[in-house]
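**Student:** Only the shape, not the letters, is given here:
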């Protein structure tokens, strides 16, 4: 019988510092680590393929027995850069928005902000794999992760969803958290948190290992992405979960 804890992570640049700590600590000997895009990881946790995963916050209500098991995650206190609505026309002219299939949180956040912050009524369309090609005219799209960073200079208008959430609520936003679908030993959770923290002490090494010409990763890791889920971020997370449950 395999006693290792099955852990899933997101295969984006923003998780690299956390994964560096996990992969270079003793905790790696206690887990089976896999990576996928966010919504896929969430489905694997929901179905029991995984025991614990870094999943989009919006997926938490759909996970039986879900409990947040770490003080670390993927968050932002302003511009996150890698989660935005991209458009060739200003917000007031947008009529259609393609929704990136890779993350439920970003999709729900976009829908909430369009309704409550920008007070826009638009037609939402599910995005196919190559949906970025269809973002033109009055059709915009939610793009997330590494693909968003690659598209920053290709569109006239980029509406950062974390910055819009901050303007609307005054709170930080949590995109993903480490969630388990069953109780885990306290000693494991403590060691896992320590591994996450140690990864953040090696950001320079992570940058060296990940060549990315589209955006400055030093800015991304040290300014745009916030990893410690402090009180303001947890308040923002609870508000978001309350809004999507209502």
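**Tutor:** Yep, that arrived. The shown structure was predicted, so the numbers you read here are calculated from the model rather than taken from an experiment.
**Student:** can we go C-alpha only for contacts and neighbour counts from here?
**Tutor:** Noted.
**Student:** Any figure for the gap between the residue most central in space within the chain and residue 240?
**Tutor:** In the chain, the centroid-proximal residue (CA atoms, centre = their mean) is residue 175; its distance is 3.9 Å. Note on residue 175: its distance to residue 240, by CA to CA, to the nearest Å, is 10 Å.
**Student:** that older thread, and the residue nearest to the centre of the chain, that's in a helix?
**Tutor:** No. Applying DSSP: H, G, I helix; E, B strand; the rest coil, one finds residue 175 to be strand, outside a helix.
**Student:** and it, what is it in contact with?
**Tutor:** Contact analysis of residue 175 by CA atoms under 8 Å, 6 or more residues apart in numbering lists 56-57, 73-75, 105-106.
**Student:** likewise residue 56?
**Tutor:** By CA under 8 Å, 6+ apart, the residues touching residue 56 are 38-39, 42, 103-105, 175-177.
**Student:** Next up, the contacts around the closest residue to it other than its chain neighbours.
**Tutor:** Residue nearest to residue 56 in three dimensions, not counting chain neighbours: residue 176, with 4.3 Å by CA to CA, 6 or more residues apart in numbering. Going by CA under 8 Å, 6+ apart, residue 176 touches 54-57, 73-75.
**Student:** mind giving me a markdown table with the residues you listed and columns for pLDDT and distance to residue 118?
**Tutor:** Below are these laid out as a markdown table (pLDDT from 0 to 100; distance: CA to CA, whole Å):
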| residue | pLDDT | distance to residue 118 |
| --- | --- | --- |
| 54 | 96 | 29 |
| 55 | 93 | 27 |
| 56 | 90 | 23 |
| 57 | 93 | 22 |
| 73 | 97 | 27 |
| 74 | 97 | 25 |
| 75 | 98 | 22 |
